[in-house]
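> Sequence and predicted structure are below.
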Amino acid sequence: MPVRDDTIAILIGTSKTKSSLLELYEVRNNIEAMFRICVDEAILGIPARNIFVCFDEERNAIIDRVGIAAARQAKRFILYYSGHGVIDADSGSGLVLTCADTTNNTAGSGLGFDMVRSAVRRTTADQRVLLLDCCFSGQALLSSLADRDSVEHATIAPWTKEARGSLAIAASGEFETAKRAQDRTSTTTELTAFTGALHRAFTTPVHESTPVDASLLIKRIRQFMPPDAPEPKVAVSDESVLKMSLFSPRTDGGRHVATTPKALLAEYVRSIGTSLVISAVDPALNNLAIVEQCKISLREGVLPDMRHHYIGPSCAERWVALTRDESYRPGSLDSLLEFVRTQVADVLCKRWRHGRAVSLISLGSGDGIIDARILNSLQTAMATRTGGEDSLNSYFPVDISWDLLQLASRSVAKREYPAAITTLPILADLSRLAAVTKLWRHSPDIEVYSFLGKTLGNFKNETLVILPIAQAMMKEDLLLLDARCYAGRLSNATREGLAMQYDNDANYEFAAGPLSVLSAQVEAQAMSVNVVRPATPMYSVIPRTWTVVTELALTNESRRNLGIVRPVGSMSLSWSNVYHLLDFEKWLTDLGLRVLCRAGTPDADEIVECYYLLEKADENADNENVAKRRVPRARRASSVEGQ
């Protein structure tokens with residue numbers, strides 16, 4: 001069977017919660033078995049990039065993943081859940097799926113089925129398949145369900161009428177408990193009764209070579225169910241769903257052998273082996289709304305910001321690939337670490353007192369590789385100055401991407417440090433820092449803010465990002481910031497060289513990230529990089545800023561799918577700013593920050609990566625200039641560029 005790039009699958013499994021419910025050791029096996037079925041090219045053949053896995057994750061993370069998966073353009077949408085199912089204690093009816101942070105039997109503590117139902121309705125897929133392996137799962141199909149002798153008489157559930165092409169299969173009735181595996185220990189390799197039957201239905205060879213439709217799949221599941229297990233319940237949106245083709249059967253007549261690439265499966269097993277525990281979540285963060293905003297913005301031909309580039313695992317993978325590209329860091333990581341070991345550590349030690357703790361708050365942590373090096377360098381340098389006392393012991397990675405936060409946590413966890421590090425990830429939108437700084441401010445100890453990776457240059461209004469940090473900082477707190485700066489004027493040759501750094505596949509793939517979330521395609525011949533300085537503030541609020549803009553154009557088919565009707569040529573999908581050194585430092589001063597030290601000084605017609613260590617200036621300083629910087633005067637056009 002060919003690879004099905006038109007299918008999106010989300011696999012959700014919860015083996016343990018924070019409530020009194022027993023741990024379900026079989027859930028891990030269930031998720032791995034379903035992952036094998038999904039990626040096996042001889043069965044469903046879904047590319048791994050189209051599979052979203054949530055194993056023992058918290059409620060907000062699951063809602064985030066379900067929303068992103070439902071927003072993807074696809075012909076088929078599959079949602080599978082394995083774990084505890086409970087009846088909503090508040091209403092006395094309705095199914096609640098448990099999550100890693102579930103504490104009680106309410107929709108607010110778990111995953112109310114109304115949310116799942118909304119996602120199924122929202123997806124544009126022609127086929128929607130819902131598989132629920134949990135107790136009381138029949139609640140999801142409404143109380144009108146009754147046992148049927150023939151699947152041709154499956155119940156047409158009211159909620160599926162609004163989502164044509166929908167098939168739902170539940171492991172148990174509305175008041176029945178699902179059957180677990182016989183072996184319920186932590187070393188079990190068994191599957192639960194329903195998922196075991198589902199696995200056999202997919203993998204057991206049949207004599208016919210015609211595709212298996214929904215009707216035959218249901219019969220095979222019931223055929224393989226243990227005799228003491230409840231009979232699975234079925235709901236469809238219409239009778240025609242029972243005839244829709246689901247997968248091509250095996251006709252080899254032999255034992256099923258998974259064709260999943262070993263490396264891919266091994267990476268999957270590693271990924272679910274260490275689940276990410278988020279310490280705090282921005283309550284207003286709504287990644288589904290960001291995806292919807294991306295659709296609207298594309299119709300208008302411009303993206304308001306670059307949050308869209310970090311939503312979902314596909315965008316995270318593209319970001320990681322970009323950061324591994326040699327063109328991403330024209331500055332030297334060794335220079336940054338030397339700056340941290342010497343000047344940053346020296347300033348920090350002068351402010352440190354016996355018994356005080358130091359925290360590193362990484363804003364836009366990414367994969368955490370740089371943070372891990374900084375933590376190690378700071379701890380080592382401080383240990384020699386503080387007599388070996390454990391001082392720097394808390395790390396707060398802050399990012400909008402769940403997947404990058406997971407990578408950041410692992411990057412720090414797998415490295416050895418002079419002293420133990422407590423990692424407390426925070427899922428938040430950096431463009432809303434004014435509302436989320438309270439998520440990490442827990443004590444009067446020293447906090448070192450880190451805003452690296454040229455992230456500042458991706459914001460069109462830098463003031464809205466840095467000002468909240470300056471306002472949240474206490475007297476002895478520090479801000480470690482980087483920016484690409486130039487002095488004098490930039491010649492045509494220097495600007496052309498800057499554009500060439502971005503003219504590569506890794507940058508184009510990253511720029512197209514938001515389009516991948518929407519399953520949109522770009523014209524291969526319509527990609528370009530330009531270095532511009534617009535006459536009006538378009539990409540920055542800081543004067544004399546040059547911007548590297550990556551532009552792409554959608555294919556005609558993608559334009560039609562996204563509803564773009566008016567003529568739109570190439571669109572600016574990503575950008576990165578280069579600042580004039582004097583204007584940049586004046587802007588920092590206007591925001592109430594004082595430069596303690598800087599590494600990197602550009603010569604005329606030269607672009608240099610500058611590293612800053614900043615502190616909060618006098619709190620009584622005049623703030624009038626801050627307001628002025630929010631709406632800067634229009635800049636004159638560059639006579640060289642004619643813009």
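Nice, I can see it.
> who's the closest residue to residue 134 other than its chain neighbours bridged to?
Distance criterion CB to CB, 6 or more residues apart in numbering; nearest residue to residue 134, sequence neighbours excluded, is residue 85 at 3.1 Å. The C-beta positions use only the backbone N, C-alpha and C, and glycine is treated the same way. Per DSSP bridges, the residues bridged to residue 85 are residue 97.
> Does residue 85 touch residue 94 like I think?
No - in this structure, residue 85 is not within contact of residue 94 by CB atoms under 8 Å, at 10.7 Å.
> anything in contact with each of those two?
Between them, residue 85 and residue 94 share these contacting residues under CB atoms under 8 Å, 6 or more residues apart in numbering: residue 139.
> between these two, who's got more neighbours?
Set residue 85 next to residue 94 and count neighbours by other CB atoms under 10 Å: residue 85 wins out with 29 against 17.
> Quick one: the strands in the stretch 501-643 of the chain, in order.
Applying DSSP state E, counting those that start in this stretch to the stretch 501-643 of the chain gives strands spanning 528-532, 546-552, 571-580, 593-599, 607-616.
> what's the closest of those strands to residue 461?
Comparison of the strands of the stretch 501-643 of the chain against residue 461 by CB to CB identifies strand 571-580 as nearest, at 11.3 Å.
> how about that closest one as PDB, C-alpha atoms only?
Extracted in PDB, the C-alpha atoms of strand 571-580 (Å, rounded to 0.1, in the frame of the first residue of the first chain):
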ATOM      1  CA  MET A 571       4.400  36.400   0.800                       C
ATOM      2  CA  SER A 572       6.800  37.400   3.500                       C
ATOM      3  CA  LEU A 573       6.700  34.300   5.700                       C
ATOM      4  CA  SER A 574       9.800  34.800   7.900                       C
ATOM      5  CA  TRP A 575      12.100  37.700   8.800                       C
ATOM      6  CA  SER A 576      15.100  38.500  10.900                       C
ATOM      7  CA  ASN A 577      16.300  42.000  11.900                       C
ATOM      8  CA  VAL A 578      19.800  43.500  11.900                       C
ATOM      9  CA  TYR A 579      20.100  46.600  14.100                       C
ATOM     10  CA  HIS A 580      22.300  49.700  14.000                       C
END
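> Could you give the average pLDDT over it?
Strand 571-580 carries an average pLDDT of 92.
> helices or strands next to it in the packing?
If you count contacts as 3 or more CB pairs under 8 Å, 6 or more residues apart in numbering; DSSP states H and E, strand 571-580 packs onto strand 478-486, helix 505-511, strand 546-552.
> okay, the angle between that strand and strand 546-552?
170 degrees (axes from the mean of the first three to the mean of the last three CA atoms, to 10 degrees).
> Just the angle for strand 571-580 relative to strand 528-532, thanks.
Going by the same axes, to 10 degrees, strand 571-580 makes 40 degrees with strand 528-532.
> Would you tell me which of the strands of the stretch 501-643 of the chain gets closest to residue 309?
Nearest to residue 309, of all the strands of the stretch 501-643 of the chain, is strand 571-580, at 6.6 Å by CB to CB.
> need the longest helix for the chain.
Longest helix of the chain, by residue count under DSSP state H: helix 369-385.
> follow-up on the earlier one: quick one: contacts for the residue nearest to residue 134?
95, 96, 97, 98, 132, 134, 135, 136, 137, 139, 178.
> tell me the phi and psi of residue 461?
Dihedral pair for residue 461: phi -130, psi 90, per degrees, to the nearest 10.
> Could you check what's spatially nearest to it, not counting adjacent residues?
In this structure, residue 461 finds its nearest non-sequential neighbour in residue 541, 5.3 Å apart by CB to CB, 6+ apart.
> is it true that residue 130 touches residue 168?
Yes - using CB under 8 Å, residue 130 is in contact with residue 168, at 4.2 Å.
> okay, and the common contacts of these two?
residue 140.
> neighbour count winner among the two?
residue 168 (29 against 25).
> Run through the residues that contact the closest residue to residue 476 other than its chain neighbours.
Spatial nearest neighbour of residue 476, excluding adjacent residues (CB to CB, 6+ apart): residue 351 at 4.6 Å. By CB under 8 Å, 6+ apart, the residues touching residue 351 are 446, 476, 478.
> which of those residues lies closest to residue 172?
The closest of the contacts of residue 351 to residue 172 turns out to be residue 446 (CB to CB; 54.4 Å).
> In terms of pLDDT, where does the closest residue to the closest one other than its chain neighbours sit?
With sequence-adjacent residues excluded and distances taken as CB to CB, 6+ apart, residue 446 is closest to residue 358, at 4.8 Å. As predicted, residue 358 sits at a pLDDT of 86.
> my guess is residue 358 meets residue 422, correct?
No - Residue 358 lies out of contact with residue 422 (CB under 8 Å); the separation is 12.0 Å.
> Pick out whichever of these two has more residues nearby.
Neighbour comparison, residue 358 and residue 422: the larger count goes to residue 358, with 24 against 11 (by other CB under 10 Å).
> hey, what's the more buried one bridged with?
Beta-bridge partners of residue 358, as defined by DSSP bridges: residue 392, residue 446.
> give me every residue that touches it.
For residue 358, the contact set (CB under 8 Å, 6+ apart) comprises 348, 352, 378, 382, 391, 392, 393, 394, 445, 446, 447, 448.
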